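here you go, sequence then predicted model.
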Amino acid sequence: MSHSSIKRIAISTGGGDAPGLNAVIRAVVLAALSRGWECYGIRDGYNGLLLPEQYVDGGLVRLTRERVRGITHLGGTIIGTTNRNSPLEYPIVDKDGRVQYVDRSDELVRNFMLHHIDALITVGGDGSLAIANVLAQKGLRVIGVPKTIDNDLDRTVVTFGFDTAVAFATECLDRLHTTAASHGRVMVVEVMGRYAGWIALHAGVAGSADVILIPEIPYDLNKVIAKIREREERGANFTIVVVAEGARPVGGEIIVKEKAIGRAERLGGIGERIATDLQALTGKETRVVVLGHLLRGGSPTAQDRLIALRFGAAAVRALAEGQSGIMVALDPPNVNYVPLAEVAGRMRAVPLDCDTMMTARDLGICFGD
């Protein structure tokens, strides 16, 4: 399909929200309109096409210049998102209450055709891009845009939302330093990141944490206690411990807070466990702060806005060039195209020999190993 045959495109945002989503939407809409294309937003991932009866506007919203005016700096997404009910494994509850998972992707592709949508730009993480890859294989024209605050997507140097999350977590650590020092406490700060430690590492280093526990390095609590004792001997009566939600002890498991039908498992609770154990074993007053969804909200940083706007514009350019089945990816100084098949379902963990890790170790930060 040549660019001249495109008349109408759709955009969907899936998975957890991230600062910068609205900037992507604005860039896509303005770049599409400049080429004479109509642009529609699908409500809540693909729910707008799979459950149209649940929406007053039928699940599809026309995105005009006016609809996207002044949204670059806003957190969240104006078309909504969801991290449950993947069209590839859609949960259907039968009359006996049993759950069956069905593949609704063929139905989804038909719905795109029924609405005369020529191409899709989908913004999401590994799950959303895996769905996009299947839709592309079924003949839908698809461009993926990488999005996650966790920064754990392969083949792109960075994802938008990450910088904002790290900046806020760092600000929180700055504030916790003063109260920790005043009371002589151990402060345990749990941050998001799922199975990768990018947020914990970057915020921990930038925010002068003493201990950083990440999923990539199973921790030994005795090493953390030794770090606290070592600081006390030097006259530092407080310790800041940053914990990624997916961190786990040597020989132990990641703590899963919730497993629900049709959605990814929800992590959390490791901060509370570590704080309880540290207080019991050191006798030091310990407090836990869970930053959780605070990292997802708020206004994106200038860097995240710029990356998001570049990704959105690049996605439309890719369609105009006849591309499909690719993800736009940051490969400084350029935005490149990467086959969706090479990124779908793949996770990028923190390399243990990367410069930031080496810097942290040179600064004396403890990783519990």
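Okay, I see it. Numbers count the residues shown, from 1 in each chain.

three-state assignment of Asn111?
Three-state call for Asn111 (DSSP: H, G, I helix; E, B strand; the rest coil): helix.

once you drop chain neighbours, what's closest to it?
Leu49 (4.4 Å; C-beta to C-beta, 6 or more residues apart in numbering). C-beta: built from backbone N, CA, C; applies to glycine.

that neighbour against Gly58, yeah?
No - if you go by C-beta atoms under 8 Å, Leu49 and Gly58 don't touch, sitting 9.7 Å apart.

between those two, which one's more packed in?
Shown here are Leu49 and Gly58; by other C-beta atoms under 10 Å, Leu49 has more neighbours (25 against 13).

list the contacts for the more buried one?
42, 59-60, 108, 111-112, 115 (C-beta atoms under 8 Å, 6 or more residues apart in numbering).

most neighbours among those, which one?
Ile42 leads these on contacts (other C-beta under 10 Å) with 28 neighbours.

quick check: it touching Gly48?
Yes - Ile42 lies in contact with Gly48 (C-beta under 8 Å); the separation is 4.1 Å.

now do the shared contacts for the two.
In contact with both Ile42 and Gly48: 12, 59-60, 79, using C-beta under 8 Å, 6+ apart.

can you flag which of these belong to strands?
12, 60 (DSSP state E).

including pLDDT and distance to Thr178, could the shared contacts of Ile42 and Gly48 go into TSV?
Putting these into TSV (pLDDT from 0 to 100; distance: C-beta to C-beta, whole Å) gives the following:
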residue	pLDDT	distance to Thr178
Ser12	97	43
Gly59	96	49
Leu60	97	50
Ile79	97	40
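
local confidence estimate at Leu88?
Note for Leu88: predicted pLDDT of 95.

and for the one 3 residues further on?
Per-residue pLDDT puts Pro91 at 91.

just checking, next helix/strand downstream of the helix or strand that contains it?
Using DSSP states H and E, Pro91 falls within strand 90-93. The element immediately downstream of strand 90-93 (helix or strand, assigned by DSSP H and E) is strand 99-102.

which strands or helices does that following strand pack on?
Applying 3 or more C-beta pairs under 8 Å, 6 or more residues apart in numbering; DSSP states H and E, one finds that strand 99-102 makes contact with strand 90-93.

gap between the residue positioned nearest the centre of the chain and Phe160?
Taking C-alpha atoms, centre = their mean, the centroid of the chain lies closest to Thr148, which sits 2.2 Å from it. Thr148 is 9 Å from Phe160, where distance means C-beta to C-beta, to the nearest Å.

any shared contact partners between the two?
Ala18.

gap between the closest residue to Gln54 other than its chain neighbours and Gly80?
Sequence neighbours aside, Asn47 is the residue nearest to Gln54 in space, at 7.1 Å (criterion: C-beta to C-beta, 6+ apart). Distance of Asn47 to Gly80, given as C-beta to C-beta: 8 Å.

fine by me, we can end here.
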